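[1] here is a sequence with its predicted model. Questions after.
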Amino acid sequence: MGCCCSSDYDEDWIENIDICEHCNYPIEPDSKGQRLIRNGSEVRDPLVSYEPSSPPRSPMQDKLVVALYNYEPKHDGDLGLRKGEKLRVLEESGEWWKAQSLTTGQEGLIPHNFVALVNSLEPEPWFFRNIGRKDAERQLLASGNTHGSFLIRESETTKGSYSLSVRDLDESQGETVKHYKIRNLDSGGFYISPRAPFGSLRELVEHYTRSSDGLCCRLGKPCRTQKPQKPWWQDEWEVPRESLKLVEKLGAGQFGEVWMGFYNGHTKVAVKSLKAGSMSPGAFLAEANLMKKLQHPRLVRLYAVVTKEPIYIITEFMEKG
């Protein structure tokens, strides 16, 4: 195939084309007998597929991550992590990603918030991506941090820029936090003072760790951080009452009580206990199944339920909620 073998041959053809050996019909060199150009218009053979073939995937396209924390597997199908271990992400689905360890070759599900992209800033202990000025002050002034403790965070006002927050001891104010804007160079570097530019944030941190050089003090240890809570295991929907421990009563209302508690002794949750008779189990489960599908960063996430009365609703615990 490759031409229409038409009898009404026309002299008006584009130059530098091949000719069909059967009927002298012009064929574009790059079409390999599939695309025809006649009178400036493309002629397609209906028996030939013109869909472009997908290029072979390059290993360079693999998403490689590094473990930020240790993780011991607790379910069938999840994969243990060792801090610093590198993995290849095979599939991103919700909060549990399928990955393969580059150390052991084993595959399994990993909590997405326990890893970070290789060669990114996130593995750095001093980099705090999604926190604001007030939260930075709260964390730096928390116990375990000392004079010189610091962190670098994304700027709240300028996209693509960063801020340095440092714990300081002020004679008049006592323990306080000083903030410095890290400015961007057109060349891709960074600086706090124009006289001291750096090619990367890592170089900036190394410099001010050796010398205060105009800052309130020399940088000390990175701000302490807690290991994040692992995401809720996807198959845990109806859970036994015995797996929950109610610790602190947070409030009460017409339909029941709200408690802070722990699931399986380690996952901090909010537990809403419904008064007997306040809602039929069938209506409750229908509503709960609908809520389960609603996943958004600004919505409190529904984790699981206890379906026997007194009915429990287990949700994400919001520290300031």
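    Noted; the coordinates are in hand. Not measured: the values here are computed from a predicted model.
[2] quick one, strands of the stretch 151-300 of the chain?
    In the stretch 151-300 of the chain, the strands defined using DSSP state E, counting those that start in this stretch lie at 162-170, 174-184, 190-191, 197-198, 244-252, 256-263, 267-274.
[3] partner strands of the third one, parallel or antiparallel?
    With DSSP bridges as the criterion, the sheet partners recorded for strand 190-191 are strand 174-184 (antiparallel), strand 197-198 (antiparallel).
[4] list of residues touching it?
    The set of residues that contact strand 190-191 without belonging to it, under C-beta atoms under 8 Å, 6 or more residues apart in numbering, is 162, 182-185, 197-198, 200-201, 204. (C-beta placed from N, C-alpha, C; glycine too.)
[5] mind running it again at 10 Å?
    The contact list for strand 190-191, computed with C-beta atoms under 10 Å, 6 or more residues apart in numbering, reads 152, 161-162, 164, 181-185, 196-204.
[6] give me the mean pLDDT for that strand.
    In this model, strand 190-191 has an average pLDDT of 95.
[7] then the fourth one?
    Looking at strand 197-198 alone, the average pLDDT works out to 95.
[8] looking at the strands of the stretch 151-300 of the chain, spot the one closest to residue 217.
    Distance to residue 217, taken as C-beta to C-beta, is lowest for strand 162-170 among these, at 5.7 Å.
[9] and residue 26, what pLDDT?
    The per-residue pLDDT reported for residue 26 equals 49.
[10] ugh, typo on my part, it should be residue 228
    At residue 228, the pLDDT recorded in the model is 70.
[11] quick check: it touching residue 111?
    Yes - under the criterion of C-beta atoms under 10 Å, residue 228 is in contact with residue 111, at a separation of 8.0 Å.
[12] and these two? Which one has more around it.
    It is residue 111, of residue 228 and residue 111, that has more neighbours when counted by other C-beta atoms under 10 Å, with 21 against 12.
[13] the more buried one bridge partners, please.
    Residues in a beta bridge with residue 111, per DSSP bridges, are residue 96.
[14] which one of the strands of the stretch 151-300 of the chain lies nearest to residue 208?
    Ranking those by proximity to residue 208 (C-beta to C-beta) places strand 162-170 first, at 7.9 Å.
[15] what lines up beside the closest one in the sheet?
    Each strand that pairs with strand 162-170, with its direction, by DSSP bridges: strand 150-154 (antiparallel), strand 174-184 (antiparallel).
[16] and those strands, which is most packed in?
    Each of the strands paired with strand 162-170 was assessed for mean neighbour count using mean count of other C-beta atoms under 10 Å. The highest is strand 150-154, with a mean of 23.
[17] what's residue 180 in contact with, if anything?
    By C-beta under 10 Å, 6+ apart, the contact list for residue 180 reads 150, 152, 162-166, 192-193, 208, 214-216.
[18] redo the residues you listed as a markdown table? Include distance to residue 223.
    A markdown table is the format used below for those (distance: C-beta to C-beta, whole Å):
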| residue | distance to residue 223 |
| --- | --- |
| 150 | 7 |
| 152 | 10 |
| 162 | 14 |
| 163 | 13 |
| 164 | 11 |
| 165 | 8 |
| 166 | 10 |
| 192 | 18 |
| 193 | 22 |
| 208 | 15 |
| 214 | 21 |
| 215 | 15 |
| 216 | 15 |
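[19] which of those are buried? Put it as a PyMOL command.
    Applied in PyMOL, the following selects the buried portion of the contacts of residue 180 according to 16 or more other C-beta atoms under 10 Å:
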select buried, resi 150+152+162+163+164+165+166+192+208+215+216
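[20] quick one: low-confidence ranges for the stretch 151-300 of the chain?
    Along the stretch 151-300 of the chain, the parts satisfying pLDDT under 70 run over 229-236, 281, 285, 292-299.
[21] can you give me the buried ones in the lengthiest helix in the chain?
    Taking DSSP state H as the criterion, the chain has its longest helix at helix 281-292. With burial defined by 16+ other C-beta under 10 Å, the residues of helix 281-292 counted as buried are 284, 288, 291.
[22] sorry, back to before: just the contacts of residue 180 now: which is nearest residue 64?
    Within the contacts of residue 180, proximity to residue 64 (C-beta to C-beta) peaks at residue 152, which comes in at 22.8 Å.
[23] burial measure for the closest residue to residue 73 other than its chain neighbours, as a count.
    Nearest-residue entry for residue 73: residue 80, 4.6 Å, with adjacent residues in sequence omitted and distances by C-beta to C-beta, 6 or more residues apart in numbering. The number of residues packed near residue 80 is 16, by other C-beta under 10 Å.
[24] try the one 4 residues further on
    With neighbours defined by other C-beta under 10 Å, the count for residue 84 comes to 11.
[25] I'd guessed it sits against residue 116; true?
    No - when contacts are counted by C-beta under 10 Å, residue 84 is not listed as touching residue 116 (11.3 Å).
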